[in-house]
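1. Next input, structure requested:
(2 chains)
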Amino acid sequence: MKNIKMIFMLGTNIAAPGFVLNATPDQKFSLSELKGKNVILAFYPADWSPVCGDQMSLYNEMHRYFGKYNAEILGISVDGKWCHAAFREARNLHFTLLADFEPKGEVAKKYGVYNDKEGRSERALFVLDDEGIIRWSYLSPVGINPGADGILDALEMITQKNSHGQIKTSG
Amino acid sequence: MAKLKPPVSSQDHIQGNPRSPVVLVEYGDFQCPHCGAAYPIVKQIQKKFKSQLAFIFRHFPLSEAHPYAQIAAVAAEAASNQGQFWEMHDLIYENQESLSLETLILLAQSLKLDMKVFQKDMKNPRLLEKVEADFESGVVSGVNGTPSFYINGAKFNGSYDYESLSEAIDYFISQHAVNKG
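-> Have a look, this model is predicted:
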């Protein structure tokens, strides 16, 4: 019988798997560095494909809005660190792009958003709260830029929840 | 998701009657070549549908990608303060390829704006705030690139060529007629 591999994307209210990946050619980045902050993980298929470019360009403009929610965005694809460096420079991107390069797609696999057949990550978004719990996730059709409205809704929800318990001021 | 927030109001730049059967909203960036390509198409659409269509433009400058997008948006707001938003909007798109600060000033001069007031308005933080408020409304409305169009409050995900837009608007007009009849 053929072994059919299904993608099971991580759901919500589960601790986000940790990881350490290259953020620049000579710098490693660990998810745990962002403890105490809300985090947006944007998995995307590839650096130079046109839709991703638009998606990353949009997030590049969103710093201020994410900052309002004490949130930081990380882009993740299987592209290598030098590829990311060139892409960031060409698009003038100001946020971190992580290279899920070796072993290829390991982090994407942990989050259940790796596409074995194509050898790349799906286009997927995860919003983590300041304790590293996944509060929202979204798998986008690969050719469609998911925009940022879902992310902002999720951040709004997290912020409201926090302020119901004890007041946590953001950013 | 992907509903226009906030809805069209008197704060918006509107061509036509906001109570027309079809209200078309564009989120646009003055330096975005795709918006430049959409500009004459929207004109054709307006010509075709006349009073059945109202057109609204909201700013969505991708300033990191397009260095003059935001200042061009502010220039359009500055022209708006002298009652010439749409004239400036049109001129910017018609001169998109040579967009620069100097170009914006030349365009303002060619509209015979009061240049003293215009220059002062260009530095007015309230105009920038207006542009940023448009941008923020775009983000929460699900704008994922420029141009993004909304027809009667719902995001239009089709392509923005003349036929597709025209077809979509025809559909809304026919719905409007059904609801009325």
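2. where exactly do the strands run in chain B?
-> Along chain B, the stretches classed as strands by DSSP state E are B:13-15, B:22-28, B:53-59, B:148-151, B:154-156.
3. So the fourth one, near chain A or not?
-> Read it as strand B:148-151. No - under the criterion of Cβ under 8 Å from any Cβ of the partner chain, chain A is not reached by strand B:148-151; the shortest gap measures 8.6 Å. Placement of C-beta: from N, CA and C, glycine included.
4. Not counting sequence-adjacent ones, nearest residue to the residue of chain B found nearest chain A?
-> Chain A sits closest to B:N144 of chain B, with a gap of 3.5 Å, by Cβ to the nearest Cβ. Spatially, and ignoring its direct neighbours in sequence, B:N144 is nearest to A:G147 (3.5 Å; Cβ to Cβ, 6 or more residues apart in numbering or on different chains).
5. what's the burial count for the residue nearest to A:I14 when sequence neighbours are not counted?
-> Using Cβ to Cβ, 6+ apart and skipping residues adjacent in sequence, the residue nearest A:I14 is A:I134, 5.5 Å away. Close neighbours of A:I134, defined as other Cβ atoms under 10 Å in any protein chain shown, add up to 21.
6. Spell out which parts of chain A neighbour chain B.
-> A:54-55, A:57-58, A:60-62, A:65, A:91-94, A:144-150, A:152-153.
7. let's see 7 Å
-> A:54, A:57-58, A:60-62, A:65, A:91-92, A:145-150, A:152 (Cβ under 7 Å from any Cβ of the partner chain).
8. how much space between the residue nearest the centre of chain A and B:S98?
-> What sits nearest the mean C-alpha location of chain A, by Cα atoms, centre = their mean, is A:L41, with 1.6 Å. Counting by Cβ to Cβ, to the nearest Å, the gap from A:L41 to B:S98 is 41 Å.
9. ditto for A:P103
-> 50 Å.
10. about what we covered before: tell me the most buried of the strands of chain B?
-> Neighbour counts averaged per stretch over the strands of chain B are highest for strand B:22-28, at a mean of 25; criterion: mean count of other Cβ atoms under 10 Å in any protein chain shown.
11. quick one: strands adjacent to that strand?
-> Strand partners for strand B:22-28, identified by DSSP bridges, are recorded as strand B:53-59 (parallel), strand B:148-151 (antiparallel).
12. what's in contact with it?
-> With contact meaning Cβ atoms under 7 Å, 6 or more residues apart in numbering or on different chains, strand B:22-28 is reached by B:4, B:8, B:35, B:42, B:49, B:52-58, B:60, B:138, B:143, B:146-152, B:169, B:172-173.
13. that older thread, for the record, mean pLDDT for whichever strand or helix holds the residue nearest to A:I14?
-> Assigned by DSSP states H and E, A:I134 belongs to strand A:133-140. For strand A:133-140, mean pLDDT is 95.
14. how much space between the residue nearest the centre of chain B and B:D114?
-> Most central in chain B under Cα atoms, centre = their mean is B:F57, positioned 2.2 Å from the mean C-alpha point. Applying Cβ to Cβ, the value for B:F57 to B:D114 is 23 Å.
15. What residues sit buried inside stretch B:122-129?
-> For stretch B:122-129, the buried set under the neighbour-count rule, 16 or more other Cβ atoms under 10 Å in any protein chain shown, comprises B:M122, B:L127, B:L128.
16. Next, see if that stretch gets close to chain A.
-> No - interface with chain A: stretch B:122-129 contributes nothing (Cβ under 7 Å from any Cβ), its closest point being 12.3 Å away.
17. Could you dump the strands paired with strand B:22-28 into JSON lines with mean pLDDT added?
-> Compiled in JSON lines, the strands paired with strand B:22-28 are given as follows (pLDDT from 0 to 100):
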{"stretch": "strand B:53-59", "mean pLDDT": "98"}
{"stretch": "strand B:148-151", "mean pLDDT": "96"}
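18. Any idea which of these gets closest to A:A46?
-> strand B:148-151 (23.2 Å; Cβ to Cβ).
19. how far out from the middle of the chain is the closest one?
-> 10 Å (Cα atoms, centre = their mean, to the nearest Å).
20. And the contacts of that strand?
-> For strand B:148-151, contacts defined as Cβ under 7 Å, 6+ apart pick out B:4, B:22, B:24-27, B:138, B:155-156, B:160, B:168-169, B:172.
21. Just the closest residue of chain A to chain B, please.
-> For chain A, Cβ to the nearest Cβ, closest residue to chain B: A:G147, 3.5 Å.
22. Make sure the residue nearest to the centre of chain B is actually in contact with B:D90.
-> No - between B:F57 and B:D90 there is no contact under Cβ atoms under 7 Å: 10.4 Å.
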